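K.L.:
A predicted structure for the sequence below; I have some questions about it.
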Amino acid sequence: MEPLNLFPFFLSLKVAVAATGLAAVIGIPLAYYLSRSRGKIADFVDTLTTLPVILPPTVLGYYLLVLLGRQSPIGKFVEETFGTTLVFTPLGAVIAAFVVAVPFLIKSARAAFASIDPNLIRAAKVLGRSDWNIFLVVILPLSWRGVASGLMLVFARALGDFGATLMVAGNIPNETLTMPVAIYDALLAGNHRLANALVMIMTVVSVSLLYMMKRVEKRMIRGDGSHAARKD
Amino acid sequence: MEPLNLFPFFLSLKVAVAATGLAAVIGIPLAYYLSRSRGKIADFVDTLTTLPVILPPTVLGYYLLVLLGRQSPIGKFVEETFGTTLVFTPLGAVIAAFVVAVPFLIKSARAAFASIDPNLIRAAKVLGRSDWNIFLVVILPLSWRGVASGLMLVFARALGDFGATLMVAGNIPNETLTMPVAIYDALLAGNHRLANALVMIMTVVSVSLLYMMKRVEKRMIRGDGSHAARKD
Amino acid sequence: MLHVKIKKAFPHFMLDVAFTAEKGITGILGPSGCGKSLTLQCIAGLETPDEGLIVLNDRPFFDSRQRVNVKPKDRKIGYMFQNYALFPHLTVQQNIAFGLKGKPKAEIEQKVAEMIKKIGLQNYERHYPAELSGGQQQRVALARTLIVEPDVLLLDEPFSAVDHYMKQALEQQLISFIQEHFTGIVLFVTHNIEEADRLCDRIIMYHEGKVIQSGPKEDVFARPVNVTAARMIGYENLFPVDSIERRHEGMVAFINGIELLVKDVNVPPSPLFLSVHANHLLFVEDDRPNTFDYEIVQTRTRMNHFDVMIKTEHFMLQATVAKKDWDSLLASKKKLYLPPEHLFFLQG
Amino acid sequence: MLHVKIKKAFPHFMLDVAFTAEKGITGILGPSGCGKSLTLQCIAGLETPDEGLIVLNDRPFFDSRQRVNVKPKDRKIGYMFQNYALFPHLTVQQNIAFGLKGKPKAEIEQKVAEMIKKIGLQNYERHYPAELSGGQQQRVALARTLIVEPDVLLLDEPFSAVDHYMKQALEQQLISFIQEHFTGIVLFVTHNIEEADRLCDRIIMYHEGKVIQSGPKEDVFARPVNVTAARMIGYENLFPVDSIERRHEGMVAFINGIELLVKDVNVPPSPLFLSVHANHLLFVEDDRPNTFDYEIVQTRTRMNHFDVMIKTEHFMLQATVAKKDWDSLLASKKKLYLPPEHLFFLQG
Amino acid sequence: KNEPSTLKVAAAADLTLAFQEIGKRFEAKTGTPVVFSFGSTGQLAEQIKNGAPFDVFAAANVQAIDELKKEHLILEGTEHVYAFGRIGIAAKSDISVRTLNDLLKENVKKIAIANPDHAPYGLAAKQALQKAGIWEQVKNKLVYGKNIADTLAYVESGNAEAGIVALSLVKTSDVHFQLINEAMHEPIQQAVAVMKATKHREAAKQFVAFLNSSEGREIMKKYGFSIPKEQ
Ligand SMILES: Nc1ncnc2c1ncn2[C@@H]1O[C@H](COP(=O)(O)OP(=O)(O)OP(=O)(O)O)[C@@H](O)[C@H]1O
Ligand SMILES: Nc1ncnc2c1ncn2[C@@H]1O[C@H](COP(=O)(O)OP(=O)(O)OP(=O)(O)O)[C@@H](O)[C@H]1O
Ligand code: MOO
Ligand SMILES: [Mg+2]
Ligand SMILES: [Mg+2]
């Protein structure tokens, strides 16, 4: 029996981590913006951020391929400037996973931001802090549980994405072949033993993840409890 | 030019409606159970309900296919009893969409149930109502917005599912070929005009859906507001 | 007659109370988290005690020995919750009729109509709770509770969320309504002494899951049994007693090296304290026992009186002076007098 | 000297107030939703008025004409929020140092250490707010506010969420601390009259976004300008006046067909009302003007006095009777006396 | 409408164009409507193993049919090779790629092939590249489509400069196509069989017969399939 090639597993982990990072950098400020605004632009952005949940990942993937592909203005620009293509690289997998998963972070972080006692923010303002400083020093620390739970979901969804990743990244072995695609390939090649082994790995990782998420959630509840107690 | 075959669109709608119905029947009581319990079984069920978010839909689809296929005990039982197979029928598509989408309902409904003032439930108990009656008469009406928003997500996700549906239901034209699969097929067959037309339809439906969801959310906020006012 | 003797343990809290409540309004008074709501929930059957007994007029609701545990819906108990817990999605009519499910339709309609008349909300049948004022909400909550003709009425801090301006009016309304339409046992939970004072006939004082004192309101307020109870009901003057001596004119207590004559003869076990209410201190010109030279350290003007902090050579005291007595107090040189008949002993 | 004259409109609410606050504690008193918090937020720069002027000691913070609008962080205003708004994820030390960002580290450390000493929390530097008692939390909130040496201190219902038992102690603490460590202008928001009475020097009374009365506490409480203000501060005896007549012994007011002698000569525009505080009613044996036969309709025992509802042939009244006067009141046949010097006119 | 008599055919993705025409002609001739589920051979085989209700399975290889045979899922004696697939180099017209060696050119940055692990056309492509001795050199230019149709999409959208795809799919495409010599890879034998579970045994057999009829062969040839000689 061939030794199990764990490349897809580690690639998937890396892609998921990177997509989560990207989601954090883009999604958290966006969520913050959305939690503060009620204007038309905000409503539009809000609608836009939920579209990836509704459109099928493969279709999303196809349009991403066209949008970021090597013939597209964006793709051309990146290729000329950085000498690398966006598609068919792990970067493509990251982008695909990011697009598919980021709505979950935005939803979760937004709720967390919205639930912060506005008086805390007012207090920080009156004590002379700038908005950006308040975001870093007050808002993020106080909502990190909601944000963390959102990041977990992003990570999970990114880890599990098949359709979009396959389309945008191509399944190049030892390069862009992620775990979900590897499992699919193994299944279709009739290699059930390999498929089952990979699914086992995937499930163990997922369950550990879920367990972590649960713990975060529980702490969140406890955290709330302590707040409530303080109010009495 | 051939007339646009709208079968996949209507099939997708029907499947999404049915999956949403199934999710309502199974997911809402489950969410209620989870919102009340803190035991080990509840924790386990809870973990189980989140797995579909993490596992890639195709992989999920494959295992569903094996679990419910005609060779499986379940598949055999259903086939012998009802004379129909679960897989490769619209029913299979419904099941696939259900599994992929129901976690979103459970998450959303659970939060809605958990946020009901426990005193309202206590009041109903003391006034002589049974648990089931309380669920119908007090809990559901008070959390319907959260539940509705969860059902919307289920509907959207069910509408957009590709991987699991393709695996479990197949892409039999005029029988199990859903919209996402049809778009994918059109894209690959090089029929971009068809693909774009289908995506347009899909997007218009999605955006109307999102708009409805937004309105529900807004009403939810207003609802909370009126409660808050009452407390003053 | 409601008889309660229950225990229930939580990781960081233990409820262990026993008391009896009769017809009339019994207040359960105690600080936040002392187990007041938990007690009501046990009585209503919403929480199950670990052990004990709850009996109403010889009907056992709960008996851990006999394994009796009547369901909440069969206890016929009226329960009014904090913030009323009106169903926000039901109209006034539907809220009031909520407890009558299963009765013939005609009977329900007639009863509800009657009840709505009683609470004077004839034009609000189809309004939702959010459209009512606080007072109207309260009446609906009461109506909903009383329409099922309960034997006991449990009120859990009905005014805790009410605007200060409305509180007095609502209290008055509640009491009148209860007096007119309910003749059973009322348990009234609050952590506000003045509220308890205004509304209750009898008082049960809670502290950390235990009953520390109970009895008619006047007795409890006049004679708290220990320092905790005394502080809870606003006694500020509490002195640790060094020793006591029984003499023929009464007891003598030694405090900070001085003697005080005390008429009280009930001496509880040590640590022994002596107390007198700020209301009972007098200012006199003659030179009898228990008088002291004093100095006013601080004065605060109140609506109806002055609160003064008084210093003698040996101790500090809080005294209440009526506004009309103020000028005469300042006019002549007087002495502070601690009336022996108002001094009493209590446990530390 | 803080000068405020602002307008701000919302769909269902309009704030339109003007007042001046001096050194000392000025209470803003009014029912829920009348615009108290909104006013403080405008002063702190957290909300922007639609138009108007906010000037502190000649420093304009906001001036809609000159387009001045100083940022909150540059106004140097101390703001203490409901429930304190301590940062739950920061320690006592970090909370107190929060406003000092940008100062040299050594200075911050020294200032914080000093402040922690002042509030007596030397062993709690590293504790989190949730680990502190309500009183300790309050002191941290005050310290955090005062360490930046603000010119104005805004207190928004600091006790609204506090257990009734703690309230008195916390109030005392707050006042002492402010008196010792702060010499500027204090605005204190509350909807509890008794709290305002205990803590404030001056009072501004709000009603539906407008100032209805302001002045020294004693004046406001002694002489509310209209029926709304009177009700807010606990006047129950309010009679519509049919007509008045100026006689040489004073004014005479006609109410329900009877005459009442009134020493007050300030007659506001109609609708005209007459009032007297429950405290000022007397019971006399002689037969002078303004005396009436009466009947006691209802009596309620209070901690320090009795509240009695009194009926004469022509009107109902609420009176306060001190406990020590109670027996003598019942002993002999007396008449109710409305002292002309305590009767006053006010607007309807 | 007489729905039940509709014939369901599972067909490998490379047959997409050819079978659509065959279906139309078959229906015109026999009156039996046919619908196709196109997919990768592996996916369709998995579905059939789990009870997919197909009447006919036209794979892109022989192994898939053999495996189903082992599991007794096909009607005895109906399995046979119906065509040989041809592969070629597809490229956007603006890039001149004519031979396998052109794939080594600097300006060919990405080459799309179907996944050789389970797509027969992918396997053939791999073999050709190996035979040309350039497999190792082009290896890191390769991107894999999950089936041969996906692969063509990569070339068509310009994301890969070139690709090795089925001749049968490029008919309607605007890519430049250069056939690869059959000797460069094992023959892509495509086998077909009637499913044992079919309820339309006769119609299914009719369809296979039509595929092998001169009319059917003409269409298959037109789309670039070679036809086995012995039949
Ligand atoms: N389900 C539970 N699990 C753990 N502890 C509980 C539970 N229910 C109540 N307690 C504890 O029991 C104690 C009493 O609670 P209870 O609600 O009866 O207080 P209370 O006297 O009504 O206070 P408040 O005036 O704040 O309403 C609290 O300290 C609480 O922590
Ligand atoms: N952003 C806003 N949009 C609409 N209305 C507002 C807004 N902020 C305040 N209001 C209105 O202004 C009024 C005054 O609010 P404010 O918070 O100042 O009341 P308050 O006097 O502090 O009452 P409370 O005692 O309940 O704290 C309220 O009726 C509220 O509805
Ligand atoms: O038609 Mo295939 O099975 O993708 O080579
Ligand atoms: Mg309680
Ligand atoms: Mg306020």
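P.N.:
Alright, I've got the coordinates. Ligands and ions are numbered 1, 2, ... in the order given.

K.L.:
any idea how far residue A:206 is from chain B?
P.N.:
Distance of residue A:206 to chain B, computed by CB to the nearest CB, to the nearest Å: 4 Å. From N, CA and C alone the C-beta is placed, and that goes for glycine too.

K.L.:
got the residue ranges for the strands in the stretch 51-200 of chain C?
P.N.:
C:51-56, C:59-63, C:68-69, C:77-80, C:152-156, C:185-190 (DSSP state E, counting those that start in this stretch).

K.L.:
Go through those and name the closest to chain D.
P.N.:
strand C:185-190 (8.7 Å; CB to the nearest CB).

K.L.:
With mean neighbour count and distance to ligand 2 added, can I get the strands of the stretch 51-200 of chain C in JSON lines?
P.N.:
As requested, those are arranged in JSON lines below (neighbours: other CB atoms under 10 Å in any protein chain shown; distance: least, CB to the nearest ligand atom, whole Å):
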{"stretch": "strand C:51-56", "mean neighbour count": "19", "distance to ligand 2": "39"}
{"stretch": "strand C:59-63", "mean neighbour count": "18", "distance to ligand 2": "40"}
{"stretch": "strand C:68-69", "mean neighbour count": "14", "distance to ligand 2": "42"}
{"stretch": "strand C:77-80", "mean neighbour count": "27", "distance to ligand 2": "23"}
{"stretch": "strand C:152-156", "mean neighbour count": "23", "distance to ligand 2": "23"}
{"stretch": "strand C:185-190", "mean neighbour count": "25", "distance to ligand 2": "21"}
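
K.L.:
May I see the ones you listed arranged in JSON lines, with mean pLDDT and distance to chain E as well?
P.N.:
Shown next, in JSON lines, are the strands of the stretch 51-200 of chain C (pLDDT from 0 to 100; distance: least, CB to the nearest CB, whole Å):
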{"stretch": "strand C:51-56", "mean pLDDT": "94", "distance to chain E": "58"}
{"stretch": "strand C:59-63", "mean pLDDT": "93", "distance to chain E": "57"}
{"stretch": "strand C:68-69", "mean pLDDT": "92", "distance to chain E": "52"}
{"stretch": "strand C:77-80", "mean pLDDT": "91", "distance to chain E": "57"}
{"stretch": "strand C:152-156", "mean pLDDT": "92", "distance to chain E": "60"}
{"stretch": "strand C:185-190", "mean pLDDT": "92", "distance to chain E": "63"}
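
K.L.:
May I see those strands arranged in CSV, with distance to residue C:239 as well?
P.N.:
Listed next are the strands of the stretch 51-200 of chain C as CSV, based on distance: least, CB to CB, whole Å:
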stretch, distance to residue C:239
strand C:51-56, 38
strand C:59-63, 44
strand C:68-69, 48
strand C:77-80, 41
strand C:152-156, 37
strand C:185-190, 29
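
K.L.:
out of the ones you listed, nearest to residue B:87?
P.N.:
Comparison of the strands of the stretch 51-200 of chain C against residue B:87 by CB to CB identifies strand C:68-69 as nearest, at 49.5 Å.

K.L.:
looking only at pLDDT, what's the mean for stretch E:204-211?
P.N.:
Averaged over stretch E:204-211, pLDDT sits at 93.

K.L.:
Any buried residues in that stretch, and which?
P.N.:
For stretch E:204-211, burial by neighbour count (16 or more other CB atoms under 10 Å in any protein chain shown) applies to E:204-208, E:210-211.

K.L.:
So is it next to chain B?
P.N.:
No. Using CB under 8 Å from any CB of the partner chain, stretch E:204-211 stays clear of chain B, coming no nearer than 15.1 Å.

K.L.:
so how far is that stretch off the chain centroid?
P.N.:
Relative to its parent chain, stretch E:204-211 has a centroid offset of 18 Å by CA atoms, centre = their mean, to the nearest Å.

K.L.:
next one: stretch C:206-226
P.N.:
9 Å.

K.L.:
Any idea which residue of chain C lies closest to ligand 3?
P.N.:
residue C:89 (56.0 Å; CB to the nearest ligand atom).

K.L.:
was I right about that residue contacting residue B:142?
P.N.:
Yes. Counting by CB atoms under 8 Å, residue C:89 does reach residue B:142; the two are 6.0 Å apart.

K.L.:
Low-confidence stretches in chain A?
P.N.:
By pLDDT under 70, the low-scoring segments of chain A are A:1-3, A:210, A:213-214, A:216-232.

K.L.:
which residue is nearest the centroid of it?
P.N.:
Nearest to the geometric centre of chain A sits residue A:154, at 3.2 Å (CA atoms, centre = their mean).

K.L.:
helices or strands up against the lengthiest helix in chain C?
P.N.:
Ranked by residue count and defined by DSSP state H, the top helix of chain C is helix C:164-181. Counting contacts by 3 or more CB pairs under 8 Å, 6 or more residues apart in numbering or on different chains; DSSP states H and E, helix C:164-181 is packed against helix C:134-146, helix C:193-199.

K.L.:
The longest one and chain D in contact?
P.N.:
Yep, that's helix C:134-146 we're talking about. No. Under the criterion of CB under 8 Å from any CB, chain D is not reached by helix C:134-146; the shortest gap measures 9.8 Å.

K.L.:
now what about that helix, what contacts it?
P.N.:
By CB atoms under 8 Å, 6 or more residues apart in numbering or on different chains, the surrounding residues in contact with helix C:134-146 are B:127, B:230, C:78-81, C:84-86, C:92, C:95-96, C:98-99, C:115-116, C:118-121, C:124, C:129, C:132, C:153, C:158, C:162-163, C:166, C:169-170, C:173-174, C:177-178, C:181-182.

K.L.:
do the last one as well
P.N.:
Outside of helix C:193-199, the residues within contact range by CB under 8 Å, 6+ apart are C:25, C:27, C:29, C:159, C:167, C:171, C:174-175, C:188, C:190, C:203, C:217, C:221, C:232-234, D:164, D:300-303.

K.L.:
do stretch C:287-300 as well
P.N.:
In contact with stretch C:287-300 (CB under 8 Å, 6+ apart) are residues C:260-261, C:284, C:306-314, C:316-317, C:335-340, C:343, D:198.

K.L.:
and chain C, which of its residues are near chain A?
P.N.:
C:32-33.

K.L.:
In contact with the nearest residue to residue A:121 once chain neighbours are set aside, which residues?
P.N.:
In this structure, residue A:121 finds its nearest non-sequential neighbour in residue A:134, 6.0 Å apart by CB to CB, 6 or more residues apart in numbering or on different chains. Applying CB under 8 Å, 6+ apart to residue A:134 gives the contacts A:121, A:124-125.

K.L.:
Looking at chain E, which helix is longest?
P.N.:
Across chain E, the helix with the greatest residue count (assigned by DSSP H) is helix E:16-30.
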